[in-house]
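# Build me a model from this:
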Amino acid sequence: MSVKAVVFAIGAGIAAFLGVGLGVTEITGHWVAYPQFLGLPAGFVTGAVATIGVALKLTDDTSDGRPELAGAMGGFAVGLVVGILIAAGTIFGAVSSLAVGVVLGLAVAIAVARYR
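The predicted structure is shown next:
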């Protein structure tokens, strides 16, 4: 497995963990006292599944899979995380940094799918 495949798989796992973990925490925050106990396990499981799925699709010995889709998913995840970190370090707020991350993630996903 190449370094690019490992980076994409880990990036997809981190993005899935953050997205689902924060989403479940925010959604359940109105009904339970400690929503982190629901958000963290849900995010962890989702991140693990995303990491394993992208890693399996990007290995060289799978010929019948869809490595373009897995590469695009990993590229989106890496672009999302990098975009959020860059935007959060500047004058952007939380919502604006998420928008910057999504735009950068889509751009990286399209580039990876097109030039893989």
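
# buried stuff in the helix-or-strand element of the chain with minimal mean pLDDT?
In the chain, no helix or strand scores lower on mean pLDDT, DSSP states H and E than helix 67-88, which sits at a mean of 75. Across helix 67-88, burial judged by 16 or more other Cβ atoms under 10 Å covers 67, 70-84, 87. All C-beta spots, glycine's among them, are computed from the backbone N, C-alpha and C.

# Which elements pack onto it?
helix 3-28, helix 36-57, helix 94-115 (3 or more Cβ pairs under 8 Å, 6 or more residues apart in numbering; DSSP states H and E).

# So which residue is smack in the middle of this protein?
Ala15 (2.4 Å; Cα atoms, centre = their mean).

# How about Ala109: what's its closest non-neighbour residue?
Once flanking residues are discounted, Ala109 sits nearest to Phe76: 3.8 Å by Cβ to Cβ, 6 or more residues apart in numbering.

# wait, what's in contact with the one you found?
Residues counted as contacts of Phe76 (Cβ atoms under 8 Å, 6 or more residues apart in numbering) are Ala12, Ala15, Gly105, Leu106, Val108, Ala109.
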